[in-house]
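Engineer: This is a predicted model, with the sequence first.
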Amino acid sequence: MKPYNVVINFESGTLDPGKRIIRKVSDVKNMFYDTQAAEELIQKGDPMVYEVIYADVPEEQGHLGHCTTIIYPGKIGNEYFLTKGHYHEKLSTAEIYFCLRGQGRLIMESTDGDCEVLEMFPGSASYIPPNWSHRTMNVGKELLVFYCIFPADAGHDYATIEEQGYPKLVVEIDGKVTVIDNPKRKNK
Ligand SMILES: O=P(O)(O)OC[C@H]1O[C@](O)(CO)[C@@H](O)[C@@H]1O
């Protein structure tokens, strides 16, 4: 493999050349507290929630995977648009999120049950240690764009998050970004 460049547009979040995956409300509806409101939005056209654009890197040990993620502004009920959330299949692998545009929150939970929420803003570089799952929300009125770097063989464990959810939700109350306990959270 020869060295190569990809080009990232900080405003749009495009990464070129790259492979794009899109997530609509129907792809993440069960991640939201108010699944009925999610269903109604699906009936109204199933809008895009976020996109991920991956650079072409072999998913092999020693390589670094990298991508941009673009989360659209929006809410379902009073909960901000979010990503599915996952642990790395290879739990002993870390990740860095570098925010290029917008306002976000990064919720993480460790395999020990600790939960942290970090703010994301242009220039914030969030370090996600090994054994911490991660989900991101757009809490602003514009695109949230961030660049991610991770071991290319880390893998994605979505099932654990689909099963147990997160202990906290990030919602809008009286126009303010607010972190609340998740009433639906199953005790671990
Ligand atoms: O994979 P999810 O939970 O849908 O979240 C998307 C983001 O997370 C990543 O998997 C990296 O952690 C990227 O692919 C993307 O930034």
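Structural biologist: Arrived safely, thanks for sending. Numbering: from 1, shown residues only.

Engineer: Run through the helices of this protein in chain order.
Structural biologist: When assigned using DSSP state H, the helices of the chain occupy the ranges 25-28, 35-43, 159-164.

Engineer: who's in contact with the residue nearest to T83 when sequence neighbours are not counted?
Structural biologist: Nearest residue to T83 in three dimensions, chain neighbours excluded: T136, at 4.9 Å (C-beta to C-beta, 6 or more residues apart in numbering). Glycine gets a C-beta too; all of them are placed from N, C-alpha and C. By C-beta atoms under 8 Å, 6 or more residues apart in numbering, the residues touching T136 are T69, I71, L82, T83, Y97, G104, R105, L106, I107, M120, L144, F146.

Engineer: can you do 6 Å?
Structural biologist: Applying C-beta atoms under 6 Å, 6 or more residues apart in numbering, we find T136 in contact with T83, G104, L106.

Engineer: and if you look at I96?
Structural biologist: I96 sits next to Y127, I149 when contact means C-beta under 6 Å, 6+ apart.

Engineer: what bridges to it?
Structural biologist: On the basis of DSSP bridges, I96 is bridged to Y127, I149.

Engineer: and among the helices of the chain, the most buried is which?
Structural biologist: Among the helices of the chain, ranked by average contacts under mean count of other C-beta atoms under 10 Å, first place goes to helix 25-28 (a mean of 18).

Engineer: Figure out how far that helix is from the centre of its chain.
Structural biologist: 13 Å (C-alpha atoms, centre = their mean, to the nearest Å).

Engineer: I'd like to know which elements that helix is packed against.
Structural biologist: Judged by 3 or more C-beta pairs under 6 Å, 6 or more residues apart in numbering; DSSP states H and E, the packing partners of helix 25-28 are helix 35-43.

Engineer: near the ligand, which residues of this structure?
Structural biologist: Along the chain, the residues adjacent to the ligand under the rule C-beta under 6 Å from any ligand atom are V52, C67, T69, T83, K84, G85, H86, E95, C148, F150, H156.

Engineer: List the residues that contact Q61.
Structural biologist: The contact partners of Q61, by C-beta under 6 Å, 6+ apart, come to D153.

Engineer: Over to G165?
Structural biologist: Going by C-beta under 6 Å, 6+ apart, G165 touches N182, R185.

Engineer: what's the answer for D34, then?
Structural biologist: So D34 contacts I76, G77 (C-beta under 6 Å, 6+ apart).

Engineer: residues near C148, how many?
Structural biologist: Close neighbours of C148, defined as other C-beta atoms under 10 Å, add up to 19.

Engineer: Surely it is in contact with L64?
Structural biologist: No - counting by C-beta atoms under 6 Å, C148 stays clear of L64, with 10.2 Å between them.

Engineer: what is the rounded mean pLDDT of stretch 71-80?
Structural biologist: The average of the pLDDT scores along stretch 71-80 is 98.

Engineer: So for that stretch, what gets flagged as buried?
Structural biologist: Within stretch 71-80, the residues that count as buried by 16 or more other C-beta atoms under 10 Å are I71, G74, K75, I76, G77, E79, Y80.
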